[in-house]
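> can you look at this prediction? I've put the sequence above it.
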Amino acid sequence: MPQKIISSVKFDRASTNGERIMFYIAAEQTNVQNTALLMLSSMLGYTRDYKYYDSNEPIFASVFTINHNVAKVSFSFGNPDRLIEFY
């Protein structure tokens, strides 16, 4: 699976929304174009000047819970656009 997703992922920031924890990097400049990432970064501030995303590196990771139990983990990619989910 390493060709689909890197084995070690590090993010700069985490935010919560109900039963979702979302992890991301808020860079002013990047090699991917993602509207949600741009909106979050401009509203909450940037954590770094530049970030280059490899093709197997996610731009978002989300942990979804139901009654405090993990129900799903998802990874969103932007180089190219795709989504991988684990239930």
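Perfect, I can see it now. Being a predicted model, the structure only gives us computed values, none of them experimental. Numbering: from 1, shown residues only.

> and the longest strand for the protein?
strand 69-78 (DSSP state E).

> sheet-wise, list the partners of it with their directions.
strand 60-66 (antiparallel), strand 81-86 (antiparallel) (DSSP bridges).

> and the pLDDT at residue 35?
Residue 35 carries a pLDDT value of 90.

> need the contact list for it.
Contacts for residue 35 (Cβ atoms under 8 Å, 6 or more residues apart in numbering) come out as none. Using the backbone N, CA and C atoms, a C-beta is placed for each residue, glycine as well.

> residue at max distance from the center of the chain?
residue 67 (22.8 Å; Cα atoms, centre = their mean).

> what's the neighbour count on residue 74?
17 (other Cβ atoms under 10 Å).

> do the same with residue 24
Neighbours around residue 24, by other Cβ under 10 Å: 24.

> does it really touch residue 39, like I thought?
No. Look at residue 24 against residue 39 with Cβ atoms under 8 Å: they stay out of range, at 11.2 Å.

> next, give phi and psi for residue 38.
With angles defined as degrees, to the nearest 10, residue 38 sits at phi -60, psi -40.

> cool, residue 43 as well?
Torsion angles, degrees, to the nearest 10, at residue 43: phi -80, psi -40.

> grab the nearest non-local neighbour of the residue at minimal distance from the centre of the chain.
Taking Cα atoms, centre = their mean, the centroid of the chain lies closest to residue 60, which sits 0.9 Å from it. Excluding the flanking residues, the one nearest residue 60 by Cβ to Cβ, 6 or more residues apart in numbering is residue 76, at 4.1 Å.

> ok, the one you found to residue 10 distance?
The gap separating residue 76 from residue 10 is 16 Å, by Cβ to Cβ, to the nearest Å.

> now swap in residue 3 and tell me
Distance of residue 3 to residue 10, computed by Cβ to Cβ: 19 Å.

> starting at the chain centroid, how far to the lowest-mean-pLDDT helix or strand in the chain?
Ranked by mean pLDDT, DSSP states H and E, the helix or strand of the chain with the weakest confidence is helix 35-44, at a mean of 89. Offset of helix 35-44 from its chain centre (Cα atoms, centre = their mean, to the nearest Å): 12 Å.

> great, nothing more from me.
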